Every structure is written in C-alpha cells, then in structure tokens.
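Participant: only geometry, no sequence info:
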C-alpha cells in the first residue's frame with residue numbers, strides 16, 4: 001500500500017469525503033474557525049464518520065506545506081488509479097474527449113486544467129513525464145477536488161502516445177496562434193484529443209507535427225494569448241457545446 005498523502009482546502013477534502021470517505025485517515029481542522037462554512041464541513045465530516053483532530057494554523061500550514069489550507073487538511077490513503085490510458089479508453093462510452101498538456105510545469109495551471117477538464121466531462125488529462133507538473137498538494141488544492149476524480153496520465157513519449165490515440169481514430173487537435181482555423185470552425189463531436197502547450201512557448205515542434213489539425217482561439221483585444229487553463233476551458237466547452 002502506498003504512503004498516505006495530504007489534501008487541504010474545503011473543496012479537495014470535501015470531494016474525498018463525498019467519493020471515498022473510507023480512505024480518510026484523519027482530518028485536521030482549525031479550532032479557531034467557527035464560521036458557517038466550517039460548521040457545514042464538520043457536519044459532513046461527522047456524517048461520514050471521519051476522525052477529526054483539532055489543530056492550530058501553524059500545524060495545518062506545516063502539514064499542508066501551504067498557508068492556503070482554509071483551516072482544513074486531511075491525511076488520506078491514495079486511491080487506486082486507473083491502470084492505463086488504454087484501459088480507460090476501452091471503458092469509455094461514446095466519443096472520448098481528452099485534454100493533452102505539453103510543457104505545463106506550473107502546479108497552479110495544472111490544478112486549474114484538471115478542474116476545467118472535470119467540469120467539461122473530459123475523460124482524462126495526459127501530459128509527458130518530463131517538463132510537466134505532477135500531482136501534489138498544491139495541484140489538489142487548486143483543482144478543488146478534480147485531482148481526485150480526473151484521471152491524469154503522465155506518459156514517457158507524448159508524440160508516440162498521440163500516435164496511439166490516432167490509431168484509435170481519436171482526432172488530435174492542437175492549438176496554435178498561427179493556425180489557419182479557429183476552434184469554432186472544427187467538428188469536435190467525434191473522438192477528440194485537444195492538445196495545448198504552455199503559455200508563451202506553446203507546443204513542442206514534434207507535438208505540433210503529430211497533431212492532425214491546428215486551431216486557434218480568436219484574440220480580439222490587446223493581449224496575444226490566454227493562460228493555458230483558460231484556453232483549455234474555451235476549447236473543452238466548445239466541444240461540450242457541439243456535443244449537446
């Protein structure tokens with residue numbers, strides 16, 4: 001069994017309480033926080049039978065490795081992940097919708113991407129093992145629980161993985177500032193993998209060449225690009241709109 005990990009913040013701990021309460025070892029709560037949000041959280045924790053431990057802000061910050069814990073942190077057992085991307089795709093009903101991130105190293109950006117992917121009903125997020133952020137407590141906090149529910153696969157060779165997706169007839173659509181089409185001009189109703197690079201650098205050349213098609217997001221103001229999590233939201237929810 002893998003070592004316990006720490007989740008912190010109302011959303012991250014609340015999602016674990018909702019989806020897998022039996023995996024929670026104990027929840028640490030700030031005894032000085034007595035507002036309505038804390039009271040509601042404690043009610044849910046008690047209903048789930050979670051073990052509660054009183055703590056002060058200093059202990060919580062040390063446990064979470066951050067002062068953004070909101071007065072709540074939990075030690076939990078890691079959940080068993082989906083074994084492989086192939087296993088997940090074999091189980092998907094209907095056309096898959098995937099988010100592929102190339103070179104996103106900032107944990108706040110990754111957390112936000114996982115959150116928007118979960119909200120849009122994407123089936124998985126894929127990233128390379130090198131030059132990419134892994135799941136940590138900061139990612140889980142920013143993801144507001146989505147790090148617990150959104151499958152995140154870190155692959156050895158991203159270009160090869162895209163090739164394998166294409167063999168499954170999944171259309172790989174990359175985003176680029178100089179693309180000839182916009183995201184609103186392509187059909188996203190079929191099996192789709194949306195490929196985004198880090199803000200500024202964009203996708204690596206090999207990733208770009210491996211994509212079936214490139215699209216852009218119209219930029220009508222003074223700024224030249226969007227944060228990767230915002231761009232992910234624009235693209236994923238265009239797919240949601242088309243599929244509705």
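Facilitator: Sure, I can see it. Computed from a predicted model, the values in this text were never measured in an experiment. Numbering: from 1, shown residues only.

Participant: excluding its backbone neighbours, what's nearest residue 25?
Facilitator: Distances taken as C-beta to C-beta, 6 or more residues apart in numbering put residue 75 closest to residue 25, at 4.4 Å, once the chain neighbours are dropped. Just so you know, the C-beta spots here come from the backbone N, C-alpha and C atoms, and that holds for glycine as well.

Participant: Ok, residue 108 next?
Facilitator: residue 142 (5.2 Å).

Participant: and the helix or strand hosting residue 45, what does it pack onto?
Facilitator: Assigned by DSSP states H and E, residue 45 falls within helix 36-47. If contacts are counted by 3 or more C-beta pairs under 8 Å, 6 or more residues apart in numbering; DSSP states H and E, helix 36-47 sits against helix 10-19, strand 24-30, strand 52-55.

Participant: Determine the set of other helices and strands touching the lowest-mean-pLDDT helix or strand in the chain.
Facilitator: The weakest-scoring helix or strand in the chain, judged by mean pLDDT, DSSP states H and E, is helix 146-149 (a mean of 80). In terms of contacts (3+ C-beta pairs under 8 Å, 6+ apart), helix 146-149 is packed against helix 10-19, helix 107-119, helix 137-143.

Participant: Output the ones you listed as CSV; include the columns distance to residue 79.
Facilitator: CSV is the format used below for the helices and strands packed on helix 146-149 (distance: least, C-beta to C-beta, whole Å):
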stretch, distance to residue 79
helix 10-19, 8
helix 107-119, 14
helix 137-143, 12
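
Participant: Out of these, the one nearest residue 87 is which?
Facilitator: Among these, helix 107-119 comes nearest to residue 87, with 18.4 Å by C-beta to C-beta.

Participant: Show me what counts as buried in the helix holding residue 45.
Facilitator: 38, 41, 42, 45 (16 or more other C-beta atoms under 10 Å).

Participant: circling back: with respect to burial, which of the helices and strands packed on helix 36-47 scores highest?
Facilitator: Ranked by mean neighbour count, the helices and strands packed on helix 36-47 are led by helix 10-19 with a mean of 21 (mean count of other C-beta atoms under 10 Å).
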